[in-house]
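Enquirer: With the input below, show me the fold.
(2 chains, ligands or ions: 2)
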Amino acid sequence: MFLGSLLEGLQKTFAIFLANYPALLRGLTVTIYLTIITSIGGIILGTLLALGKIYGNKFISGIVTVFIGLIQGTPLLVQLFVIYYGLPAYGIRLTPITAALISFTINSGAYQAEYLRGSIQSVSSGQLKAALSLGMTRWQGIFYVILPQALRRVIPSWTNEFIYLLKYTSLAYIITAQELMGEARIIASRNYEFFKTYLLVAFIYLLLVLLFTRFFRRIERRFTIPGFEFKR
Amino acid sequence: MSKHLLRVENIYKSFGDNDVLRGISFHLDKGETKVIVGPSGTGKSTILSLINMLVPPDKGHIYLEDIDITRTRDVHKIRQNIGFVFQDFGLFNHLTAKGNVMIGLTKVKKMGKKEAEEIAMEELRRVGLENFADQYPAQLSGGQKQRVGIARALAMRPKLILFDEPTSALDPELTGEVLNVMRKLATEGMTMLIVTHEMGFARTVADELIFMEDGVILEQGLPEKLFTNPEHPRTREFLFKLTDLYNEGER
Ligand SMILES: Nc1ncnc2c1ncn2[C@@H]1O[C@H](COP(=O)(O)OP(=O)(O)O)[C@@H](O)[C@H]1O
Ligand SMILES: [Mg+2]
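Expert: Ligands and ions are numbered 1, 2, ... in the order given. Coordinates of the predicted model:
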């Protein structure tokens, strides 16, 4: 009896998938696009922020600290709204996707900056001294010696960050970005199968998370070098 | 104006109210090996840092071939001429032995990869590590790490190499392989300024011994003289204690 209705439910859920897969795939593509671009943007922004905070003068370091505090101290959704609904007041009108890209990049950058800062500071100061003694400038030492080591150490954190972004980008539907969650809402509002439709979407997210987690573990293993084993 | 490769003239240096160096003067000629000895906390490392321009002196001058390196603005250029071998090796942990030796050539001297690789292999061979070129620091023993550190310094073709207690972090059975490399360099005419507690090495290899205490040079001269007939009773006391402590034969 119970098993029968469960099977029936699964069948219906699958039917929803079949009926809507072009839209779901479209949403999925947007979700993955948002995640990849913002995680890479976040790495770059995070690196710049971390460098500014550690090696910048008092002024730069102060600005970065305030900026990171501001981003980490406010909800992601509020940041998204400020950029999408707030900026038009100053004549800056963004598409939902662009607004999502910008706010997720900024948010992720602030968090990644803190991971990276910890990892830069865990590289011993003797390394920079050794770089200088070869005749490198301070910035050469930072780029050729400190960063390559610090970046390796934060790879596990970045894997986590990527997975977070994969899930957090679902917030973008609120500003009408048509990513996976956005498409699901449209589908559900048409077929009224809210439970099954969102269950289907949850399953797709889960699958994505598992796939990407495996993918990153493989990458980590490939890039492991002695002395930089990945610790979680 | 002078024939000395390195001239240290009347250097003073304080950290806060800690007067670490109080009027240090000595010089080094091309091809010479001088060893600085003295109790710890005396300012030996500070002198090397000053010569490597990592800290500025409060007073005094240091000349490298008549360039006053305490007044120069080309710090990075001049540092290329001064090798530095660290007590804790200071190898770049993300690079192989060969990568460690190459990076100064490719990034500082802007040398092509192939040429840099050739020089790196040549220097690794010189320290007996040609078979360890592709190993990472974490895969090397302390003695091997330090020999890579020496190869890395050598590859830059420095006019002078500074050693700060290069064997102090090593297990006793590993100091020999490092000292042997340094001994070979001395006979090949490399100019070296070495801080070490290895008295056997100092006695046999140094052209001159510099005994420092409390921020001044108490005595400098031929090692044989300082060991057998020192002017200063403190010199005798210290050298004897160290020699005793390390139970020196040649290692
Ligand atoms: N960067 C620094 N800041 C403050 N004090 C220092 C610094 N470097 C060295 N000192 C002090 O200078 C003194 C001499 O140190 P050092 O040159 O390392 O001695 P040694 O190498 O002979 O053992 C010590 O008292 C040490 O604490
Ligand atoms: Mg010292």
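Enquirer: all helices for the stretch 1-150 of chain B, in order.
Expert: B:44-51, B:75-79, B:97-103, B:113-126, B:142-155 (DSSP state H, counting those that start in this stretch).
Enquirer: Output the below-cut-off pLDDT ranges for the chain.
Expert: Using chain A. Low-confidence segments of chain A, defined by pLDDT under 70: A:1, A:231-232.
Enquirer: that's the wrong chain, I wanted chain B
Expert: Judged against pLDDT under 70, the low-scoring parts of chain B cover residues B:1-2, B:244-251.
Enquirer: interface residues of it facing ligand 1?
Expert: B:15, B:18, B:20, B:40-46 (CB under 6 Å from any ligand atom). Quick note: C-beta positions are derived from backbone N, CA and C, even for glycine.
Enquirer: quick one: the closest residue to ligand 1 within chain A from chain B, how far?
Expert: Closest residue of chain A to ligand 1, CB to the nearest ligand atom: A:Ser125 (10.9 Å). Distance from A:Ser125 to chain B, counting by CB to the nearest CB, to the nearest Å: 10 Å.
Enquirer: quick one, strands of the stretch 101-250 of chain B?
Expert: B:160-164, B:192-195, B:208-213, B:216-221 (DSSP state E, counting those that start in this stretch).
Enquirer: Would you mind giving the helices of the stretch 1-150 of chain B as JSON lines with distance to chain A and mean neighbour count added?
Expert: Below are the helices of the stretch 1-150 of chain B laid out as JSON lines (distance: least, CB to the nearest CB, whole Å; neighbours: other CB atoms under 10 Å in any protein chain shown):
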{"stretch": "helix B:44-51", "distance to chain A": "9", "mean neighbour count": "22"}
{"stretch": "helix B:75-79", "distance to chain A": "4", "mean neighbour count": "17"}
{"stretch": "helix B:97-103", "distance to chain A": "6", "mean neighbour count": "25"}
{"stretch": "helix B:113-126", "distance to chain A": "12", "mean neighbour count": "17"}
{"stretch": "helix B:142-155", "distance to chain A": "7", "mean neighbour count": "26"}
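Enquirer: What's the local residue count around B:Met53?
Expert: Applying other CB atoms under 10 Å in any protein chain shown, we find 21 other residues in the vicinity of B:Met53.
Enquirer: Contact partners for it?
Expert: Listed by CB atoms under 8 Å, 6 or more residues apart in numbering or on different chains, the contact set of B:Met53 reads B:69-70, B:72, B:75, B:78-79.
Enquirer: which one among those residues gets closest to A:Leu51?
Expert: Within the set of those, B:Val75 lies nearest A:Leu51; the separation is 21.2 Å, counting by CB to CB.
Enquirer: which element is the most centrally placed residue in chain A on?
Expert: Closest to where the C-alpha atoms of chain A average out (CA atoms, centre = their mean) is A:Leu165, at 3.3 Å. Assessed by DSSP states H and E, A:Leu165 sits inside helix A:155-168.
Enquirer: Out of the residues of chain B next to ligand 1, who's the most crowded?
Expert: Across these, neighbour numbers were computed from other CB under 10 Å; B:Gly43 holds the maximum, 26 neighbours.
Enquirer: List the contacts of that one.
Expert: By CB under 8 Å, 6+ apart, B:Gly43 lies in contact with B:13, B:20-21, B:24, B:212, B:215.
Enquirer: Farthest pair within these?
Expert: Most distant of these, by CB to CB, are B:Lys13 and B:Met212, 12.9 Å apart.
Enquirer: Could I get the contacting residues of the nearest residue to B:Thr191 once chain neighbours are set aside?
Expert: Nearest non-adjacent residue to B:Thr191, counting by CB to CB, 6 or more residues apart in numbering or on different chains: B:Leu160, 4.7 Å away. Contact criterion CB under 8 Å, 6+ apart gives B:5-6, B:28, B:64, B:81-83, B:191-193 as the residues in contact with B:Leu160.
Enquirer: related to what we said a few turns ago, nearest to ligand 1, of the contacts of B:Gly43?
Expert: Sorting the contacts of B:Gly43 by how near they are to ligand 1, with CB to the nearest ligand atom, puts B:Val20 at the top with 4.1 Å.
Enquirer: So which elements touch the lengthiest helix in chain B?
Expert: The helix that spans the most residues within chain B, counting by DSSP state H, is helix B:172-187. Contacting helix B:172-187 under the criterion 3 or more CB pairs under 8 Å, 6 or more residues apart in numbering or on different chains; DSSP states H and E are the following elements: helix B:142-155, strand B:192-195, helix B:199-205.
Enquirer: let's see 7 Å
Expert: Helix B:172-187 sits against helix B:142-155, helix B:199-205, with contacts defined as 3 or more CB pairs under 7 Å, 6 or more residues apart in numbering or on different chains; DSSP states H and E.
Enquirer: which residues touch that helix?
Expert: The contact list for helix B:172-187, computed with CB atoms under 7 Å, 6 or more residues apart in numbering or on different chains, reads B:33, B:127, B:141-143, B:146-147, B:150, B:166-167, B:170, B:192, B:198, B:201, B:205, B:251.
Enquirer: Check the residues you listed and tell me the two furthest apart.
Expert: By the measure CB to CB, the contacts of helix B:172-187 have their two most distant members at B:Thr33 and B:Ser141, which lie 25.2 Å apart.
Enquirer: Pick out whichever of these two has more residues nearby.
Expert: The residue with the greater number of neighbours, taking B:Thr33 and B:Ser141 and applying other CB under 10 Å, is B:Thr33; the counts read 24 against 14.
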